[in-house]
Every structure is written in structure tokens, then in C-alpha cells.
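Visitor: Need coordinates for the following:
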Amino acid sequence: MLNSQQTATTGSTPARLKVILKEINVEELTIPDGIPNSLDDLLRKIKSTFGLEGDMRVQYMEPDFGNDFFNLNSTTELQDLGTIKVIHQQTNQQCH
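Guide: Residues are numbered from 1 along each chain as shown. Next comes the predicted model:
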């Protein structure tokens, strides 16, 4: 059983993801310890690797649906050599 200091990815093989940052900006992300267990860990890795800030959402490409993109709610949807897309979220604050 895992305690709070351990992760299921400990000892995992590296994972590589194709990351679409913008329509004309596609990068490769190598994660030495494999796909993170949590979406927050994945977001931290993406932000630190590519120098991104702010709120964002990640979508993953689903081959079962003609390679359409779906919102990523759990990293269990990801596989090595998968494709993800980073969507920057704007916070709309209106002045009255």
C-alpha cells in the first residue's frame, strides 16, 4: 500500500507526450518518472518545462473518437506518446 510520500509512478519508465501549446507551437515533453498520478502534478510539470503561467486546462486526444480532443480530468487517460493540448483560460473580470 502506498503512503502519502510514495507514488505509483516510482520506478516507472519515462513517458513522452506531444504538447500542443498553440496552433503553431508543438513541443515534446519527456517525463522521466512516467505519467504523473495527478492532474496538478502534470500541470506543474508543463508550466515549469515551458515557462507558462496562469490558469489552463489540458485536453487529450482520444483515438476512439476520431482523434478529437476532450478535457483531461484524470491522468489515467494518458499514455506514453499521447497528445495533449494546453488551453489558456482567460479570467473575465468586468468593471461596473
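Visitor: Surely L21 is in a strand?
Guide: Yes: judged by DSSP: H, G, I helix; E, B strand; the rest coil, L21 forms part of a strand.
Visitor: Local confidence estimate at it?
Guide: As predicted, L21 sits at a pLDDT of 96.
Visitor: Which residue is the nearest non-sequential neighbour of it?
Guide: Closest residue in space to L21, ignoring its immediate chain neighbours: V86 at 5.4 Å, by C-beta to C-beta, 6 or more residues apart in numbering. Yep, even glycine has a C-beta here, placed from its N, CA and C like the rest.
Visitor: can you pull the pLDDT of the one you found?
Guide: pLDDT, V86: 97.
Visitor: Need phi/psi at it.
Guide: As for V86, its main-chain torsions (degrees, to the nearest 10) stand at phi -100, psi 120.
Visitor: which element is the most centrally placed residue in the chain on?
Guide: The centre of the chain sits closest to L42, judged by C-alpha atoms, centre = their mean, with a distance of 4.9 Å. Here L42 is covered by helix 39-50, with elements defined by DSSP states H and E.
Visitor: Output that helix as PDB, nothing but the C-alphas.
Guide: Provided in PDB are the C-alpha atoms of helix 39-50 (Å, rounded to 0.1, in the frame of the first residue of the first chain):
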ATOM      1  CA  LEU A  39      -3.500  16.400 -12.900                       C
ATOM      2  CA  ASP A  40      -2.000  19.100 -10.700                       C
ATOM      3  CA  ASP A  41       1.400  17.400 -10.900                       C
ATOM      4  CA  LEU A  42       1.100  17.200 -14.700                       C
ATOM      5  CA  LEU A  43       0.100  20.900 -14.900                       C
ATOM      6  CA  ARG A  44       3.100  21.900 -12.700                       C
ATOM      7  CA  LYS A  45       5.400  19.900 -15.000                       C
ATOM      8  CA  ILE A  46       4.000  21.500 -18.100                       C
ATOM      9  CA  LYS A  47       4.200  25.000 -16.600                       C
ATOM     10  CA  SER A  48       7.800  24.600 -15.400                       C
ATOM     11  CA  THR A  49       9.000  23.000 -18.600                       C
ATOM     12  CA  PHE A  50       7.600  25.500 -21.000                       C
END
